[in-house]
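1. Structure, please.
(4 chains)
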Number of protein chains: 2
Amino acid sequence: MALGDAILACLTERPMTGYELAKTFDSSIGFFWKADHQQIYRELSKLRDRGYIQGREVVQSGKPNKLVYTLTPEGRTALRHWAARPSTPASTKDDLLVRLHALDSIDIEPLRADLMARLEHHRDRHANYERILKKRFPDGTAEGQLDLGNLLLLRLGARHEQMVADFCEETLEALSAMSGKATVVPLEDGKRERKG
Amino acid sequence: MALGDAILACLTERPMTGYELAKTFDSSIGFFWKADHQQIYRELSKLRDRGYIQGREVVQSGKPNKLVYTLTPEGRTALRHWAARPSTPASTKDDLLVRLHALDSIDIEPLRADLMARLEHHRDRHANYERILKKRFPDGTAEGQLDLGNLLLLRLGARHEQMVADFCEETLEALSAMSGKATVVPLEDGKRERKG
DNA sequence: GGCGCATATGCGTCAATGTGCATATGAGGC
DNA sequence: GCCTCATATGCACATTGACGCATATGCGCC
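-> Below you'll find the predicted structure:
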């Protein structure tokens, strides 16, 4: 029950509705955990059945009534228990990497297009992380535990996106070099400077 | 059908049995795509039903007979079609990051232990990548497309593990600093040197 | 002789996830 | 009047994945 725990983790910050959670999973925590609203509503029902969260209906006019979920003491305990178990290192599972593994059996042009799209995507995400970092932590320090965790996460995210973007760039260059000559001399490792 | 395509990608290299594929998914391609043998056998049946691979039984004595699977022309075409579609950027989904997001609601000591275990894990993997790189690409260059793809993948893997290991280290330091004083001044970004 | 290990293939079940569809309504544009 | 968007919740179905279990045999260890 990993998504359930991610939801509990979100609710430690403040009570939220399923709709708000879906938006959260589309931005902040969603940078490293994707989930759409259907998944979230389903998981919320389970969590409520187990007594980990409590739903309070708020009557609204003009909109459907909303259900604001709050962590119960049991939910807090469950989260702490889950967090005390050793974590499982996740594997990457990226289509793009599988394709590179079979580079000699696929068409290069669509791959190149894909790499360019991915380069842009990861650059955008990197810029987004940096933007949030500057806004939330202008002096690069955190006060309190909650902030510290988020600062570290944002930095990791920024570095990760930077690295993948660099990788896309280098792969594109290596592909270009390859189409020129048969034998390839790709870039040496560690030569590229990381700016930003 | 992502696992299926990963299997097709593996079979471009050479014909293999389910058992060999399972081992492959435990080492080379397994660095960025995990799958156990049950999943692989099930997927092989599907691929065979679709005519993407062909099984040839090899009678053995002392061991159960083995089924060597070969890519069919249809399978090759299917792989090329799959590889020509835009790839979907994968999200990380790492328990550890979710825990850091709720840093103020969990126990620090188990987290610290977890971080230390993860640090060791990612260092091991990094060393493993570097070992393979030195062995397969002693002069840092690749000949042919297949090798180029694998060289790039190994470098990406090495860098990724290095980055995550650094992250674990920095987080541990930040946690230590936090337990000392209430307000935290974590390391500035980009100050750590990357060796190796 | 029994135990575990490597080889080799596979089934069954359940949890987790992804995709599409359904419902309800007010606000604002055409 | 109709369409779309934002808000707000949810079901149904299919795929994927994780985990345990089953079968069969030779080899080496104690």
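2. For residue A:77, which three-state class applies?
-> helix (DSSP: H, G, I helix; E, B strand; the rest coil).
3. Run through the residues that contact the nearest residue to residue A:86 once chain neighbours are set aside.
-> Excluding its sequence neighbours, the residue lying closest to residue A:86 (C-beta to C-beta, 6 or more residues apart in numbering or on different chains) is residue B:114, at 5.4 Å. C-beta coordinates here come from the backbone N, C-alpha and C atoms, glycine included. Contact analysis of residue B:114 by C-beta atoms under 8 Å, 6 or more residues apart in numbering or on different chains lists A:86, A:87, B:96, B:99.
4. Which element is encountered next along the chain beyond the helix or strand hosting residue B:114?
-> Per DSSP states H and E, residue B:114 falls inside helix B:108-136. For helix B:108-136, the following helix or strand on the C-terminal side (DSSP H and E) is strand B:142-143.
5. For that following strand, which strands pair with it and how are they oriented?
-> Note on strand B:142-143: by DSSP bridges, its sheet partners are strand A:183-184 (antiparallel).
6. what is the mean pLDDT for the partner strand?
-> The average pLDDT within strand A:183-184 is 43.
7. ok, now stretch A:123-138?
-> On average, stretch A:123-138 scores 93.
8. which parts of the longest helix seen in chain A are buried?
-> Determined from DSSP state H, the single longest helix within chain A is helix A:145-180. For helix A:145-180, burial by neighbour count (16 or more other C-beta atoms under 10 Å in any protein chain shown) applies to A:145-172, A:174-175, A:178.
9. other SSEs contacting that helix?
-> helix A:108-136, strand A:142-143, strand A:183-184, helix B:95-101, helix B:145-180 (3 or more C-beta pairs under 8 Å, 6 or more residues apart in numbering or on different chains; DSSP states H and E).
10. Could you export those to JSON lines, including columns for distance to residue A:41?
-> Formatted as JSON lines, the helices and strands packed on helix A:145-180 follow (distance: least, C-beta to C-beta, whole Å):
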{"stretch": "helix A:108-136", "distance to residue A:41": "27"}
{"stretch": "strand A:142-143", "distance to residue A:41": "33"}
{"stretch": "strand A:183-184", "distance to residue A:41": "50"}
{"stretch": "helix B:95-101", "distance to residue A:41": "19"}
{"stretch": "helix B:145-180", "distance to residue A:41": "32"}
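11. closest one to DNA strand D among the ones you listed?
-> helix B:95-101 (12.3 Å; C-beta to the nearest atom of the strand).
12. Next one: the closest one, is it in contact with chain A?
-> Yes - contact of helix B:95-101 with chain A (C-beta under 8 Å from any C-beta of the partner chain) involves B:95, B:96, B:97, B:98, B:99, B:100, B:101.
13. From those residues, keep the buried residues only.
-> Listed as buried from the residues of helix B:95-101 next to chain A are B:95, B:96, B:97, B:98, B:99, B:100, B:101; burial here means 16+ other C-beta under 10 Å.
14. so which of these would you say is closest to residue A:42?
-> Set against residue A:42, the nearest of those by C-beta to C-beta is residue B:98 (18.2 Å).
15. so that closest one makes contact with residue A:28?
-> No - between residue B:98 and residue A:28 there is no contact under C-beta atoms under 8 Å: 11.6 Å.
16. Show the end-to-end separation of stretch A:76-96, please.
-> Using C-alpha to C-alpha, to the nearest Å, one end of stretch A:76-96 lies 39 Å from the other.
17. That one vs DNA strand C: in contact?
-> No - applying C-beta under 7 Å from any atom of the strand, one finds stretch A:76-96 separated from DNA strand C by no less than 9.8 Å.
18. Off-centre distance for that stretch?
-> 13 Å (C-alpha atoms, centre = their mean, to the nearest Å).
19. hmm, stretch A:3-17 in reach of DNA strand D?
-> Yes - looking at stretch A:3-17 against DNA strand D by C-beta under 7 Å from any atom of the strand, the contacts come from residue A:17.
20. in that stretch, what counts as buried?
-> Result for stretch A:3-17 [16+ other C-beta under 10 Å]: buried residues A:3-13, A:16-17.
21. Check these and tell me the two furthest apart.
-> Spatially, the most separated pair among the buried residues of stretch A:3-17 is A:5 and A:17, at 18.9 Å (C-beta to C-beta).
22. just to revisit the earlier point, out of the contacts of residue B:114, which is nearest to residue A:43?
-> Nearest to residue A:43 among the contacts of residue B:114 is residue B:99, at 17.6 Å by C-beta to C-beta.
23. measure the closest one to residue B:106 for me?
-> Residue B:99 is 6 Å from residue B:106, where distance means C-beta to C-beta, to the nearest Å.
24. This completes my enquiry, with thanks.
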